[in-house]
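Trainee: take a look and give me a structure for this.
(one chain, ligands or ions: 1)
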Amino acid sequence: KAVEDAKKLAAYAAVDYHVKDNQTVGIGSGSTIIHAVKRLAERVKAENLNILCVPTSSQARQLIHDNGLTVVDIKRHLEIDVAIDGADEVDSELNLIKGGGGCLTQEKIVASCAKSFIVIADYRKDSSALGEQWKKGIPVEVIPMAYVPVSRAIQSQFGGSADLRMAVSKAGPVVTDNGNFLLDWRFDQEHNWSAVNTTIKMMPGVVDTGLFINLAERVYFGMEDGTVKIRD
Ligand code: DER
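Mentor: As a prediction, the model looks like this:
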């Protein structure tokens, strides 16, 4: 309950502060964004706003549609005014781990096309270093054929263990919206995350990583005491 309320607090603050009339808004994936889309739909109706929404996953597309908002394709709407998304963890430099929901690749594309990228999260994500609270590792999207070589390359270069993400309600590995597999790299020491991101991204077979470096402009944390903490 406290966590859900905190997600809602962050989502409402971000939508109320950043969304204006006649904007194209990038919509992230996960559970916190659900509160943001509901608030956005409320405002569109109440203020008769003209808003176009760019999804970052099948989940986001469904969420936009089910809330009566307009889904548009990034091919036609490259000028994204603001992208709003969740995060699995945020460090003191606003580096993010994302991809807990497996949608990191399209999320990063939309975030990178947006004039401003705003993150919404509950207090559990508010860390000073990555790995402090989030223990499920850094997701890496790989083409299916390459998951073993990439896993071995990450482990030999950076240690830890990079394991194929298996589906729960379907036999076999999780398959992303892009038809790829996911590795979850459970690292066991601090790293220079920008350098790690670049190195992993260059490994043959890697599509993208769940490290969002120098992308987030501002993070809204919903706190347990009912306040909203903003980090820029
Ligand atoms: O998978 C993702 O990238 C999600 O955005 C994740 O980072 C946040 O999901 P949550 O809002 O359900 O915690």
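
Trainee: show me where the protein has helices.
Mentor: 2-18, 32-47, 58-66, 104-113, 147-158, 193-202 (DSSP state H).

Trainee: helices and strands around the shortest one, which ones?
Mentor: Here helix 58-66 touches strand 23-27, helix 32-47, strand 51-55, strand 70-71, going by 3 or more CB pairs under 8 Å, 6 or more residues apart in numbering; DSSP states H and E. In short, each C-beta sits where N, CA and C put it, glycine included.

Trainee: go through those and name the closest to the ligand.
Mentor: For the ligand, the closest of the helices and strands packed on helix 58-66 is helix 32-47, at 3.3 Å, according to CB to the nearest ligand atom.

Trainee: send me that closest one as PDB with only the CA atoms.
Mentor: Provided in PDB are the C-alpha atoms of helix 32-47 (Å, rounded to 0.1, in the frame of the first residue of the first chain):
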ATOM      1  CA  THR A  32       4.600   3.100 -11.800                       C
ATOM      2  CA  ILE A  33       3.800   4.500 -15.300                       C
ATOM      3  CA  ILE A  34       0.200   3.100 -14.900                       C
ATOM      4  CA  HIS A  35      -0.500   5.900 -12.400                       C
ATOM      5  CA  ALA A  36       1.000   8.500 -14.700                       C
ATOM      6  CA  VAL A  37      -1.200   7.400 -17.600                       C
ATOM      7  CA  LYS A  38      -4.300   7.500 -15.500                       C
ATOM      8  CA  ARG A  39      -3.400  11.000 -14.300                       C
ATOM      9  CA  LEU A  40      -2.700  12.100 -17.900                       C
ATOM     10  CA  ALA A  41      -6.100  10.700 -19.100                       C
ATOM     11  CA  GLU A  42      -7.700  12.600 -16.200                       C
ATOM     12  CA  ARG A  43      -6.000  15.900 -17.200                       C
ATOM     13  CA  VAL A  44      -6.700  15.400 -20.900                       C
ATOM     14  CA  LYS A  45     -10.400  15.100 -20.100                       C
ATOM     15  CA  ALA A  46     -10.600  17.800 -17.500                       C
ATOM     16  CA  GLU A  47      -8.500  20.400 -19.400                       C
END
